[in-house]
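Visitor: no sequence for this one, just the structure:
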C-alpha cells in the first residue's frame, strides 16, 4: 500500500463501521416506536389547531370576546410548569449520561411534580368554568377550548405515567451512562407534550 492509500485508509470517514456509527448518531433519541407515536400525536394536534384557526377566522368577534374570559395567569403558570418539567427531564438525561444515577432519578421526580402542578392548575380552571355553567355546548369557542385543553390534559397524564415508570426503573439502577435508551424515550415524549402546550397556550389564550 503506497502512502496515499494508507492516508485514505486512516481517514475516519473511510474506516470500517464509521458510516454505520455516524448514521446511528443521527437517529433521534429513544425508541423508533415512540417517534412514530409522537408524529401521529403531533398530526392529531395539528388538525385540531388548523380547525381552530379556520373556525376563528369566521367567528373573530366571538373568539376575541371569549378569550377575555380565560385565566391567562393560570395558562402562563402552566407554561412555566411544563417548561420547568422539560428542563428537569433534560437534566435527568444529562445526569444519567454522566452516570449520576441518583441525580437523574431526582430530576425525573421534579418533572413529575411539575406535571402534577399543571394538572392541579388546570383542574381549578375547569372547575371555575363548570361552576359558571360553561360546557362544550356553550359556544364554538368553548367547544374548542375544552376539547383542545382536555386532549392535552390527558397527554400530560400519560407523560407523567411514562416518567413515573422511568423513575421507578432509575431508582432500581436500570439506567447507566452506557444504557439509558429508555430514559431518552420517556424524555422525548415529555418534550412533545411541552411543545404542544407552547403552541396551544398562545393560540387559544393570547393571539387575537
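Guide: Happy to help now that I have it. Only a predicted model underlies this, so the values are computations on that prediction, with no experimental measurement involved. Numbering: from 1, shown residues only.
Visitor: switch to C-alpha atoms for all contacts and neighbour counts from now on
Guide: Fine.
Visitor: pretty sure residue 99 contacts residue 180?
Guide: No - under the criterion of Cα atoms under 8 Å, residue 99 is not in contact with residue 180, lying 9.7 Å apart.
Visitor: Does residue 107 touch residue 91 like I think?
Guide: Yes - using Cα under 8 Å, residue 107 makes contact with residue 91 at a distance of 6.5 Å.
Visitor: next SSE after the worst-scoring helix or strand of the chain on mean pLDDT?
Guide: When the helices and strands of the chain are scored by mean pLDDT, DSSP states H and E, helix 18-25 comes last with a mean of 43. As assigned by DSSP states H and E, the chain's next helix or strand after helix 18-25 is helix 32-57.
Visitor: What helix or strand is the residue lying closest to residue 171 once chain neighbours are set aside located in?
Guide: Distances taken as Cα to Cα, 6 or more residues apart in numbering place residue 105 nearest to residue 171, at 6.2 Å, with adjacent residues excluded. According to DSSP H and E, residue 105 maps onto helix 101-131.
Visitor: Check the offset of that helix from the chain's centre.
Guide: For helix 101-131, the separation from the chain centroid amounts to 13 Å (computed by Cα atoms, centre = their mean, to the nearest Å).
Visitor: mean confidence for that helix?
Guide: For helix 101-131, mean pLDDT rounds to 96.
Visitor: by contact count, what packs against it?
Guide: Where contact means 3 or more Cα pairs under 8 Å, 6 or more residues apart in numbering; DSSP states H and E, helix 101-131 is packed against helix 72-97, helix 140-171.
Visitor: Dump the ones you listed to JSON lines, plus mean neighbour count.
Guide: JSON lines is the format used below for the helices and strands packed on helix 101-131 (neighbours: other Cα atoms under 10 Å):
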{"stretch": "helix 72-97", "mean neighbour count": "20"}
{"stretch": "helix 140-171", "mean neighbour count": "18"}
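Visitor: Save those helices as JSON lines, and put in mean pLDDT and distance to residue 207 too.
Guide: JSON lines is the format used below for the helices and strands packed on helix 101-131 (pLDDT from 0 to 100; distance: least, Cα to Cα, whole Å):
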{"stretch": "helix 72-97", "mean pLDDT": "96", "distance to residue 207": "11"}
{"stretch": "helix 140-171", "mean pLDDT": "96", "distance to residue 207": "13"}
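Visitor: Quick one, which of these gets closest to residue 129.
Guide: helix 140-171 (9.7 Å; Cα to Cα).
Visitor: for residue 204, what are its contacts?
Guide: 67, 145 (Cα atoms under 8 Å, 6 or more residues apart in numbering).
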